[in-house]
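**Q** Turn this into a model:
(one chain, ligands or ions: 1)
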Amino acid sequence: MSALLKQTIDKTYPVVTHGQGVYLYDSAGRQYLDGCSGAMTANIGHGVEEVAEAMKDQAGRVAFTYRTQFTNAPAEDLARRLTAMAPGDLDWAFFVNSGSEASEFAIRSAVGYWRERGVPGKFKVLGRNISYHGMTMGALSMSGHAARRPDYGPLLHAFSFAPPAYAYRFAQPGENEEDYALRAARAFEEAIRNEDPGTVAAVIVEPIVGAAGGVLTPPAGYLSRLREICDRLNVLLIIDEVITGIGRTGDWFASSYENVVPDLLLMGKGLSAGYSPVAGVLLRSHIVDALREGSGVAPFGHTFSGNPLGAATCLAVLDFMERRNILANVRQRGEQLEEGLLSLATRYRCMADVRGRGLLWGFEFVMDQESKQAPDPSLGTANTFVQECLAQGLIVYPAGIAPLNNAVILSPPLVINEEETRVLLAKLEKAVCAMERHVE
Ligand code: PLP
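**A** Below is the predicted model:
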């Protein structure tokens with residue numbers, strides 16, 4: 001009997017025993033190259049001794065304090081460090097335990113903001129098709145991910161969705177990147193107008209779509225257009241950097257790529273790099289000012305919000321990243337990975353639309369590159385590929401839009417070195433080669 005639920009009922013999994021750097025090991029002595037950092041999470045790799053030491057040290061002093069009774073030095077330091085790293089006046093931080101809770105916090109803060117400003121009619125949050133913001137009911141309500149919303153319809157908020165920004169499938173023939181960015185942003189504006197901006201509190205987007213689409217990078221200029229549209233229509237912009245934040249794309253935050261400052265920025269996964277369940281939200285000053293000048297009540301928080309052990313863990317992760325200049329490594333290894341993936345796509349006709357930034361890459365399987373036709377959904381392409389990679393001792397993350405599920409995510413730990421990247425690409429090639437037969 002497994003200790004886990006649902007996914008494990010019909011399936012057995014290897015028992016992991018330990019990890020070191022980009023590698024994991026199981027009880028049968030097998031080695032796995034972690035090509036996706038678990039779920040884009042184990043960003044500094046496994047078994048980092050200095051993080052374990054920092055956790056032990058903090059736990060020995062004080063592991064838990066409650067946020068309405070005390071603050072603590074690690075949580076305050078972490079808030080200071082993150083707000084200094086973030087763009088613009090994202091000057092406030094709040095900590096939760098998961099990306100889903102960060103999404104919930106964002107909904108409540110956005111709606112609360114307008115209520116405090118005397119505009120209670122602005123209560124809707126607009127999501128985007130092909131997106132994922134978490135499994136809790138509010139987060140799921142904003143997620144344009146049909147496969148993860150089955151049967152919950154009546155329990156979800158009736159939020160609407162704007163069209164995606166996904167050039168490979170939705171740009172028109174001959175349309176250049178700039179024109180597509182403009183058209184996709186206009187479609188977003190239209191979706192807000194259809195809802196009546198007077199009722200919309202906020203919109204939420206991932207700067208690069210992760211699990212829902214298999215790394216969808218928007219066309220250049222799209223994100224900054226969304227910022228401009230939100231300002232013009234008086235709607236808050238929430239950017240979900242749960243995957244992209246804390247260095248994954250080669251900047252601390254992917255929003256910086258287009259100099260966009262969201263009103264609320266969500267982080268998770270890489271914030272603690274998997275060493276402790278911590279997520280967070282950064283808020284611009286005007287959001288906090290509205291509370292301060294309004295009711296003065298901040299009705300947020302969970303038992304473990306801002307606990308010293310979690311915060312000390314995140315600080316140790318940031319120390320590690322800064323000391324080793326991890327952002328530079330992300331850019332260098334990202335170029336190597338991109339080059340390797342593009343080269344594979346020239347040699348294997350089933351591999352299409354290599355897309356990504358830094359160390360967050362995806363591609364999708366097609367019958368052939370000319371027709372762009374996705375393989376039959378019954379083939380379960382992404383999962384088949386995961387198995388082919390596993391046979392090579394490589395872990396990758398299955399993704400793509402249901403029911404096609406024909407995309408894959410590559411997001412190795414940000415510490416991966418040149419030789420390990422070469423090994424990853426060699427294993428990947430063997431698995432892609434096997435896929436040519438599956439999708440015939
Ligand atoms: N937001 C994004 C972009 C995610 O990819 C995820 C999880 O994959 C979440 C939010 C939810 O995070 P969690 O699983 O920690 O609740």
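**Q** Surely residue 93 is within a strand?
**A** Yes: counting by DSSP: H, G, I helix; E, B strand; the rest coil, residue 93 falls inside a strand.
**Q** Leaving out sequence neighbours, find the closest residue to it.
**A** residue 79 (3.8 Å; Cβ to Cβ, 6 or more residues apart in numbering). Where C-beta positions appear, they are placed from N, C-alpha and C, glycine not excepted.
**Q** Check residue 210 too.
**A** Residue 210 sits nearest to residue 243 (Cβ to Cβ, 6+ apart), 4.2 Å away.
**Q** do the same with residue 326
**A** residue 414 (5.0 Å).
**Q** And residue 212, by the same measure?
**A** Closest to residue 212 by Cβ to Cβ, 6+ apart is residue 132, at 4.2 Å.
**Q** coming back round to it: buried ones in the helix or strand hosting the residue nearest to residue 93, by neighbour count?
**A** Taking DSSP states H and E as the criterion, residue 79 maps to helix 73-85. Across helix 73-85, burial judged by 16 or more other Cβ atoms under 10 Å covers 74, 75, 78, 79, 81, 82, 85.
**Q** Can you give me the pLDDT of the last one?
**A** Looking back up the chat, that one is residue 85. Reported pLDDT at residue 85 in the predicted model: 97.
**Q** mind listing what the residue in the chain that the ligand sits nearest to touches?
**A** For the chain, the nearest residue to the ligand under the criterion Cβ to the nearest ligand atom is residue 99, separated by 2.3 Å. Residues in contact with residue 99 (Cβ atoms under 8 Å, 6 or more residues apart in numbering) are 133, 134, 139, 240, 242, 266, 268, 269, 279.
**Q** how does it look with 6 Å?
**A** Counting by Cβ atoms under 6 Å, 6 or more residues apart in numbering, residue 99 makes contact with 134, 242, 268, 279.
**Q** quick one: which of these sit in strands?
**A** residue 279 (DSSP state E).
**Q** Which of the contacts of residue 99 are buried? Put it as a ChimeraX command.
**A** Buried subset of those, written as a ChimeraX selection, criterion 16+ other Cβ under 10 Å:
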select :134,242,268,279
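**Q** follow-up on the earlier one: wait, the residue nearest to residue 210 touches residue 39, no?
**A** No: contact criterion Cβ atoms under 6 Å: residue 243 and residue 39 do not qualify, at 8.6 Å.
**Q** Between those two, point out the one with more neighbours.
**A** residue 243 (29 against 15; other Cβ atoms under 10 Å).
**Q** re earlier: contacts for the helix holding residue 79, please.
**A** Counting by Cβ under 6 Å, 6+ apart, 91, 93, 252, 306, 308, 311, 312, 314, 315, 318 sit against helix 73-85.
**Q** what's the first-to-last distance across stretch 16-35?
**A** Using Cα to Cα, to the nearest Å, the end-to-end distance of stretch 16-35 comes to 16 Å.
**Q** Equivalent analysis for stretch 370-387, please.
**A** Start-to-end span of stretch 370-387 (Cα to Cα) is 26 Å.
**Q** Same check on stretch 261-270?
**A** End-to-end distance (Cα to Cα), stretch 261-270: 20 Å.
**Q** repeat for stretch 389-409
**A** Across stretch 389-409, the terminal residues are separated by 12 Å (Cα to Cα).
**Q** So what's the residue count around the residue lying closest to residue 368 once chain neighbours are set aside?
**A** Nearest residue to residue 368 in three dimensions, chain neighbours excluded: residue 349, at 5.0 Å (Cβ to Cβ, 6+ apart). The local packing of residue 349 (other Cβ under 10 Å) involves 15 other residues.
**Q** now do residue 12
**A** Residue 12 has 7 neighbouring residues, counting by other Cβ under 10 Å.
**Q** Just confirm it is within a helix.
**A** No: with three-state DSSP as the criterion, residue 12 is coil rather than part of a helix.
**Q** Can you name the residues of the chain that neighbour the ligand?
**A** The interface of the chain toward the ligand, taken as Cβ under 6 Å from any ligand atom, is made up of 39, 98-100, 103, 132-135, 206, 210-211, 240, 242-243, 268, 279.
**Q** I'd say the residue nearest to residue 368 and residue 366 touch.
**A** No: using Cβ under 6 Å, residue 349 makes no contact with residue 366, being 8.0 Å away.
**Q** So residue 300 versus residue 286, what's the distance?
**A** Distance, residue 300 to residue 286, by Cβ to Cβ, to the nearest Å: 17 Å.
**Q** Give me the more crowded residue out of these two.
**A** When residue 300 and residue 286 are compared for neighbours, residue 300 comes out ahead with 17 against 13, by other Cβ under 10 Å.
**Q** How about the backbone phi and psi for that one?
**A** phi -120, psi 170 (degrees, to the nearest 10).
**Q** can you check residue 225 too?
**A** As for residue 225, its main-chain torsions (degrees, to the nearest 10) stand at phi -70, psi -40.
**Q** ok, now residue 412?
**A** Per degrees, to the nearest 10, the backbone of residue 412 is at phi -70, psi 160.
**Q** Could you measure from it over to residue 306?
**A** 30 Å.
**Q** and what of residue 268?
**A** 15 Å.
**Q** same check, this time on residue 329
**A** For residue 329 relative to residue 306 (Cβ to Cβ), the value is 30 Å.
**Q** now do residue 61
**A** In terms of Cβ to Cβ, residue 61 sits 16 Å off from residue 306.
**Q** same deal with residue 184?
**A** Distance of residue 184 to residue 306, computed by Cβ to Cβ: 37 Å.
**Q** Thought residue 265 was touching residue 239, still the case?
**A** Yes: the criterion here is Cβ under 6 Å, and residue 239 meets it with residue 265 at 5.3 Å.
**Q** Give me the more crowded residue out of the two.
**A** The neighbour comparison of residue 239 against residue 265 (other Cβ under 10 Å) goes to residue 265, with 31 against 26.
**Q** so who does that one touch?
**A** Contacts of residue 265 (Cβ under 6 Å, 6+ apart): 90, 239, 241, 282.
**Q** from the residues you listed, which single one is nearest residue 121?
**A** Of all those, residue 239 has the smallest distance to residue 121: 24.1 Å, by Cβ to Cβ.
**Q** give me every residue that touches the closest residue to residue 301 other than its chain neighbours.
**A** In this structure, residue 301 finds its nearest non-sequential neighbour in residue 67, 5.7 Å apart by Cβ to Cβ, 6+ apart. The neighbourhood of residue 67, defined by Cβ under 6 Å, 6+ apart, consists of 301, 305, 306.
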